[in-house]
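**Student:** Quick check, what structure comes out for this input:
(2 chains)
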Amino acid sequence: MGSPFGSRGPVRRLVTAAVALAATVGLATACGSGDDDSGGGGGGTADAKGVDDGATLTMWTRAATRPQSEALVKAYNAHHKNKVELTVVPTDDYQAKVGAAAGSKDLPDLFASDVVFVPNYTSSGLFADLTGRIDALPFADDLAQSHIKAGTYDGKKYVVPHTLDLSVLFYNKDLYRRAKLDPGKPPTTLAEWDQQARAVDKLGGGVSGTFFGGNCGGCGVFTWWPSIWAAGEDVLNKDGTEALLASDTAEKVYDTYRGWVQDDIVAPGARDETGVTWTGVFPKGKVGVMPMPSTTLGLMPKDLDLGVAPIPGPDGGKSTFVGGDAIGISATSDKTDQAWNFLAWSVGDEAQVDVVAAHKDVVARTDLASNKYSKADPRLVTINQLVADGRTPYALKFGQTFNDPNGPWLTLMRDAVFGDAAKVEKDNEAVTASLTD
Amino acid sequence: MQVKTPDRETVEPLVRTERRQRRLWHSRTLQGLGYATPTAVFVAVLFVLPLLLVGQMSLHDWPLLAGDQGANTPENYTDVTDSTLFWPAVRFTLLYTGIVTVVLLGLALLLALLVQESRPGTGFFRTVYFLPGALGLASASLLFWGMYSPTTGPLSRPLEELGLVDGPVSFLGTPTSALLSTVFLVVWKFAGFYMLILLVGLQRIPHELYEAARMDGAGRGQIFRSITLPLLRPSLALSLLLCVTGSLLAFDQFFVLTKGGPDNSTVTVVQLIYREAFQRLDLGTAAALSILVLAALLLLNALQFRGLRHADES
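**Tutor:** Model prediction:
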């Protein structure tokens, strides 16, 4: 019973405390001298590109973004003296693993994180301050700003985007043709989306209009919120301490989904879908139009004729959830310059175009949205350009409020769409309470 | 030492034996200490120390990411009991424990009675009943999770085609079906294990008793009530204790199958501990809840022991 938390003995904690103390003192002195150095470029070339001197760097990432991380690490190791050793951790265990390692100061040199959990880590001091280094990048302003914002705490920048995962509409052009819809005209408003989904659903024979993860808080955040943002509204206040999820626009979005459930426009299993298999439904070719993660585009069956469109709001507009992973250097790493070498390279032109774009993934820089790979596939341009319209919500208590399967947001989602919609107002207060917990 | 008694020859050996015994006792003590030390160290490091640490954590504000932030007594405890999920979780854990204990032990007893006699084929059935117990609970839960899936699982389609149900079956979709589906998994997984415990108990009952009873003209039901059940009590007591404790600490099966859903209807107390520690990243409240669960278990076990001892005496 006690064992899950208590493997650290008092001796170990004493050592940990000593290390922590030493680190704090070190950090304080580093900050003191850092102010003088920033102008004169104390680290010389080290600050711009970091150091490539054959160091071995440890790095963690979660399984959800494994292919992207592996491709970057492989390409980096092939042409650098530094070697990055990547450890992939099961997605559901990642927060716990980082937390435990942070407690015992065992974090790796580099660790990526689902961008929504980044504020929790920056505010707890897990990442090293990279403000000067990031600002010195020639393309600093073109880095996906929603990730940079999520990684900014008290005016200091701690992370760069690592892999970008955007929510976009996928629609099945074959089913559109069969339903006498124009495959060149995906929905531009929520009402059009509703009409098109219902038209496809009429085909019958196991074909459904749309699908969503109805028992998965993370899915709701990722796929529902863009419709609210597209209307120019927000879902949280600026500090992430107050929920605005019972607004009229939000209710309009919930009502559309509720209608799909009531009229059975949704593929079977939506109500039970906990998020494990929600992306596996569309590739089977029996769903008309649904929001999907952009990272799955390269994994779709070759013979599936699918189109990509932005997620619209009730009366038009477009937005996306700029998710994925951001990456930083852990505050306890003693190889900051070498680790920065990897990070600076990973957001550079070569890595972004020849590794990220070549894998049909979203580039982390808006100035590379149109590149030689995206030219071959206009869907990629659509996705890449969306980065500028998208948002990444900011809240310190994000995970426990929105991703926790027993958290208040999932209750709101299910009341709004499956249960008693009158409770949404009250559920929204519970979300706010969790955010300020 | 001067021995003044006349018969030196009879006394000296006595003294020598005494010395030898003392030496023997000494070496036995050392030996005993030697044997006990590894276990004692093991228990101290892996049980006593963590327990003390959990006690300390439960009194302190202790976020997972930041570590000890100083005393927070008794807020950790009140925060836990004030949580909206706490009382429903307590109620659900008790309900689940009640259902599982009754169904599981009833079925285990039935199975044990079925394979009690050594006839041709009983070995096969004993193995078959016990087999699911050889699987890890998390793996078994994953297996069932796949089978229960309304879209990709193998159970829903045949039921549909037989016309028994209308549309895909949602085994985990409603509070009742989620609870029953989980109980089914647990019974499937553990019935063989408890059968084994009860089987050992059954085989300890002397055959002569049954023969004597039969000669006195007792019927099957009477024999079961007056001989089998009373003499099986120690095994039943052990099964009951294990089953109740295990069910109160249920976690894996719900974590994999339902994650506490749908609509927080299957959240157990241990899931709340996990949630405090790894979703809310608060070790202080997680430790407080652990201490509460520990106290409840101690109390319950004490009561159970007492009840069983009373039953033995009467």
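**Student:** all strands of the stretch 51-200 of chain A, in order?
**Tutor:** All strands of the stretch 51-200 of chain A, identified by DSSP state E, counting those that start in this stretch, fall at A:56-62, A:83-89, A:110-114, A:152-153, A:156-157, A:159-172.
**Student:** Of those strands, which is nearest chain B?
**Tutor:** strand A:110-114 (11.9 Å; C-beta to the nearest C-beta). Yep, even glycine has a C-beta here, placed from its N, CA and C like the rest.
**Student:** Using a markdown table, please lay out the strands of the stretch 51-200 of chain A together with mean pLDDT.
**Tutor:** Output for those, formatted as a markdown table (pLDDT from 0 to 100):
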| stretch | mean pLDDT |
| --- | --- |
| strand A:56-62 | 96 |
| strand A:83-89 | 95 |
| strand A:110-114 | 95 |
| strand A:152-153 | 94 |
| strand A:156-157 | 96 |
| strand A:159-172 | 95 |
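**Student:** Let me have those in a markdown table, adding distance to chain B as columns.
**Tutor:** Converted to a markdown table, the strands of the stretch 51-200 of chain A look like this (distance: least, C-beta to the nearest C-beta, whole Å):
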| stretch | distance to chain B |
| --- | --- |
| strand A:56-62 | 14 |
| strand A:83-89 | 13 |
| strand A:110-114 | 12 |
| strand A:152-153 | 13 |
| strand A:156-157 | 17 |
| strand A:159-172 | 16 |
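**Student:** nearest to residue B:65, of these?
**Tutor:** Proximity to residue B:65 (C-beta to C-beta) singles out strand A:110-114 among the strands of the stretch 51-200 of chain A, at 11.9 Å.
**Student:** What is the distance between the closest one and the centre of its chain?
**Tutor:** Relative to its chain's centre, strand A:110-114 lies at 11 Å (C-alpha atoms, centre = their mean, to the nearest Å).
**Student:** Please work out how many residues are found near residue B:153.
**Tutor:** Using other C-beta atoms under 10 Å in any protein chain shown, residue B:153 has 17 other residues around it.
**Student:** Could you do the one 10 residues further on as well?
**Tutor:** For residue B:163, the number of neighbouring residues by other C-beta under 10 Å comes to 7.
**Student:** now residue B:251
**Tutor:** Neighbourhood size, residue B:251 [other C-beta under 10 Å]: 15.
**Student:** And the helices in the stretch 101-250 of chain B?
**Tutor:** In the stretch 101-250 of chain B, the helices defined using DSSP state H, counting those that start in this stretch lie at B:122-130, B:137-148, B:156-161, B:175-204, B:207-215, B:220-223, B:229-231, B:233-248.
**Student:** How about the longest one and chain A, touching?
**Tutor:** So that's helix B:175-204. No - using C-beta under 8 Å from any C-beta of the partner chain, helix B:175-204 stays clear of chain A, with a minimum separation of 9.3 Å.
**Student:** ok, back up a step: what would the strands of the stretch 51-200 of chain A look like in a markdown table with mean neighbour count?
**Tutor:** Converted to a markdown table, the strands of the stretch 51-200 of chain A look like this (neighbours: other C-beta atoms under 10 Å in any protein chain shown):
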| stretch | mean neighbour count |
| --- | --- |
| strand A:56-62 | 21 |
| strand A:83-89 | 17 |
| strand A:110-114 | 26 |
| strand A:152-153 | 20 |
| strand A:156-157 | 18 |
| strand A:159-172 | 27 |
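**Student:** now these in a markdown table, with distance to residue B:118?
**Tutor:** Listed next are the strands of the stretch 51-200 of chain A as a markdown table, based on distance: least, C-beta to C-beta, whole Å:
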| stretch | distance to residue B:118 |
| --- | --- |
| strand A:56-62 | 54 |
| strand A:83-89 | 51 |
| strand A:110-114 | 58 |
| strand A:152-153 | 71 |
| strand A:156-157 | 75 |
| strand A:159-172 | 62 |
